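1. okay, structure incoming, though there's no sequence with it:
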């Protein structure tokens, strides 16, 4: 399979990777969650070339991960704000943070701490079952074919 065709797979992971599956895109999304909105700020924080950053931002707007909002009209300039679709990537970013903090943190420890604004406590969010609130563990899950897989098999 070619990378350009990965979004055509009957697989949610493949389809998601077709949108956010390169290192630059995830760094852009990380920066957006940290409050970055303007092209020049993304560029200085991440160190990408203008062309590559423009390409990735345009794709994220096209895929409705970002909303492109004009903030100045002479000359025209835009901000890139996470859309509702984009905000739903937060658990993915936090899962990468949790993994990186556990397995890749250096001698100085975690690079960032996360404070839950409602209660003021330092937290590391976890994936939990919405029914029983138990933390989700891959050994405790069963995966079954969904309607899209069943449809693909029956074709």
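-> Cool, the structure landed. Every value quoted in this text rests on a predicted model; they were computed, and no experiment measured them.

2. contacts and neighbour counts: CA atoms only from here.
-> Will do.

3. show me the residue at the heart of this protein, geometrically.
-> Centroid-nearest residue in the chain: residue 89, 4.0 Å away (criterion: C-alpha atoms, centre = their mean).

4. so that residue versus residue 4, what's the distance?
-> The spacing between residue 89 and residue 4, counted by C-alpha to C-alpha, to the nearest Å, is 22 Å.

5. equivalent analysis for residue 25, please.
-> 16 Å.

6. if you count what's nearby, which of the two comes out ahead?
-> residue 25 (19 against 8; other C-alpha atoms under 10 Å).

7. which residues touch the residue nearest to residue 136 when sequence neighbours are not counted?
-> Excluding the flanking residues, the one nearest residue 136 by C-alpha to C-alpha, 6 or more residues apart in numbering is residue 128, at 5.0 Å. Contacts for residue 128 (C-alpha atoms under 8 Å, 6 or more residues apart in numbering) come out as 134-136.
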